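> Just a sequence and a predicted model for now, questions to come.
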Amino acid sequence: MGKWLRDLPSFSSLAKTSLALIFLFSVFYLFNEDSIPDSTTSIPLRQSPIQIPKEKEESKRPSNELSHQTPSSVSLPLRKSPIQTPNEKKQSKKQKPSNELSHQTPSSLSSPFHKSPIQIPNKKKQSKKQKPSIPIKFIPQTPPSVSQNLDNELEYDFTPYVKLYKSGRVERLPNIPMVPPGVNPPTGVTSKDLTIDQTTGLSVRLYLPRQATGSRRNKKLKFPVLIYFHGGAFVIESAFSTFYHHYLNVLVSKTKIIVISVDYRLAPEHPLPAAYEDAWTALKWVLSNCKSSPDSEPWLADYGDINRIYLGGDSAGGNIAHNAVIRAGRDGLESKAKINGLILLNPYFWGKDPVGTEPNVRWIRDGFEKNWKFVCNGLMDIDHPAVNPLSSIEELKNLGCNRVFVTIAGRDFFRERGLAYVEGLKKSGWKGNVELYETLDEMHVYFIADPLGKKANKEMNAVIAFINGGAFGSV
């Protein structure tokens, strides 16, 4: 070293500069404490385990820095530096090093899933020596209501008609406007609403033709009576809706009949056979009130012709009307009353296997089957006689009327079923007359929305001709 110092003046400028830089870096390294990793300083982004210095080196450091440091405060790769609270520093002075790790539970060890170590203090010691500086008040949070969650979870989606949620909430999708009864100025037809079964709340809307009202009315004049069931896939629509109110006002004014429009109970709140029971109740109510008695409904008692009772409906309503007449043929009616005719407008019938040119696409047939299961709550399969009359030829043979009128539409999914129903009646041995009317290039129940349209008006005239065909027994 001495020789280097003597020869230093003869060194070149570059050599002198290099020696100076080496000297400065050496001094900086020796005297900078931050360059030496200690036990309480974690190295950022370190991927290898942290090593704790030897015990000899620990003795040179302050006693409260490492000797009382537990594994729970050793920083893990996810931490840049350990967090040590003031309370922990105070505790570290009072605790004995020998008892520190022996009382450490596994639950206090730091976990790689936490950014900071989790420490569980000794409850007995803390309760005597340590009090929280800021009181913490626990405010319980009420979990969301289970019913509210179920209110938004679908149980069955019958779009575009209805949705059923797991809570039991029913959402009917189409906005169906209702209209009150009264006098209809364009037709002169008068209507009113009655509840005919207080137990179920079953209601009807009665329509009386203009000829039965006013000062010139003739109480000796009797009119045919049509018990009508609206459509709507068994889940929507009403006897009081704008569509059916308008359609029946036109029908009554043209046909000169009395109509009882039945507001039967809907699925899924009231799955089938609830609607079938309502139809039977309505039929018995009409027959009993067409007789003159103090308790009879005046419109029916005065103007209803008990010998000209018809049942009819469109789509699901046609299905309901059919099943009511089937029951009449099976169980009979009071006082040997008879049904003069059955009117099925685009009736709702189906089955497991396709008939005619029905689509044999699996998802279509499965869809109809699931929807039927939904509206009857699984009580009847898709080949039950209620929806597939062809599955019970014996019931068709005993149909409780001797005249049937069926309409179909060229672009209707139910068209082939309507045709098959007509053929099934003819082949069943039923002793009656069935008529078929088809409207080409029209969709299902097209006539309800616009009964005054050209095709709808023509179809209505065919219905009128059927009703006015004569009393019971005439063809």
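On my side now, so go ahead. From a predicted model like this one, the values you see are computed outputs, not experimental measurements.
> Which stretches in the stretch 251-400 of the chain count as strands?
Remark: strands assigned in the stretch 251-400 of the chain by DSSP state E, counting those that start in this stretch are 258-263, 304-314, 341-345.
> count of neighbours near the residue lying closest to Ala275 once chain neighbours are set aside?
Distance criterion Cβ to Cβ, 6 or more residues apart in numbering; nearest residue to Ala275, sequence neighbours excluded, is Tyr264 at 4.4 Å. (C-beta placed from N, C-alpha, C; glycine too.) Neighbourhood size, Tyr264 [other Cβ atoms under 10 Å]: 27.
> what's the pLDDT at Tyr264?
Tyr264 is assigned a pLDDT of 98 by the prediction.
> try Leu390
The model's pLDDT for Leu390 equals 96.
> Just say helix, strand or coil for the nearest residue to it once chain neighbours are set aside.
Of all residues not flanking Leu390 in the chain, Gly424 sits nearest, at 4.8 Å (Cβ to Cβ, 6+ apart). When classified by DSSP: H, G, I helix; E, B strand; the rest coil, Gly424 comes out as helix.
> and Gly424, what does it touch?
389-390, 393, 396 (Cβ atoms under 8 Å, 6 or more residues apart in numbering).
> What separation is there between it and Asp314?
Distance, Gly424 to Asp314, using Cβ to Cβ, to the nearest Å: 20 Å.
> what's the answer for Lys166, then?
For Lys166 relative to Asp314 (Cβ to Cβ), the value is 32 Å.
> Quick check on the two: which one has the bigger neighbour count.
Asp314 (27 against 15).
> I'd like to check which residues are in contact with the more buried one.
When contacts are counted by Cβ under 8 Å, 6+ apart, Asp314 touches 230-231, 345-347, 445, 447-448.
> switch the cut-off to 6 Å
By Cβ atoms under 6 Å, 6 or more residues apart in numbering, Asp314 lies in contact with 231, 345-346, 445.
> Please check these and keep the buried ones.
231, 345-346, 445 (16 or more other Cβ atoms under 10 Å).
> Going along the chain, name the helices of the protein.
Using DSSP state H, the helices of the chain run over 2-7, 13-31, 55-59, 86-94, 123-129, 146-150, 242-255, 274-289, 298-303, 316-331, 362-375, 393-397, 415-428, 454-467.
> Gln211: which of the buried ones among the contacts of Asp314 is nearest?
Gln211 lies nearest to Leu345 out of the buried ones among the contacts of Asp314, by Cβ to Cβ, at 24.6 Å.
> If the closest one is in a bridge, with which residues?
Asp314, Thr407 (DSSP bridges).
> is it true that it touches Ile408?
No: if you go by Cβ atoms under 6 Å, Leu345 and Ile408 don't touch, sitting 9.1 Å apart.
> Tell me who's in contact with Gly351.
Under the criterion of Cβ under 6 Å, 6+ apart, the contact list for Gly351 reads 383, 388.
> now it: how far from Asn388?
4 Å.
> how many neighbours does Lys254 have?
16.
> Likewise for Pro186?
Count around Pro186 with other Cβ under 10 Å applied: 9.
> What of Cys376?
Counted with other Cβ under 10 Å, the burial measure for Cys376 works out to 23 neighbours.
> Could you list which residues are in contact with it?
Contacts of Cys376 (Cβ under 6 Å, 6+ apart): 271-272.
> what about it, distance to Pro271?
5 Å.
> Test my guess that Ser391 contacts His384.
No: between Ser391 and His384 there is no contact under Cβ under 6 Å: 7.1 Å.
> before we move on, back to that, can you name the two of the contacts of Gly424 that sit furthest apart?
Pro389 and Ile393 (8.7 Å).
> who has more neighbours, those two?
The residue with more neighbours, out of Pro389 and Ile393, is Pro389; 25 against 15, by other Cβ under 10 Å.
> Okay, that one and Ser292: tell me how far apart.
36 Å.
> list the contacts for the residue lying closest to Val183 once chain neighbours are set aside?
Leaving aside its chain neighbours, Val183 sits nearest to Thr190 (5.1 Å; criterion: Cβ to Cβ, 6+ apart). When contacts are counted by Cβ under 6 Å, 6+ apart, Thr190 is found next to 183, 208, 213.
> Show me the shaky parts of the protein.
By pLDDT under 70, the weakly predicted segments of the chain are 1-147, 215-216, 470-475.
> redo that, cut-off 50
Applying pLDDT under 50 to the chain flags residues 2-3, 27, 33-121, 123-129, 131-139, 142, 470-475.
> quick revisit: out of the strands of the stretch 251-400 of the chain, flag the one nearest Arg403.
strand 341-345 (4.0 Å).
> Just the buried positions in the closest one, please.
341-345.
> for stretch 182-199, same thing?
Buried-residue list, stretch 182-199, by 16+ other Cβ under 10 Å: 184, 187-191, 196.
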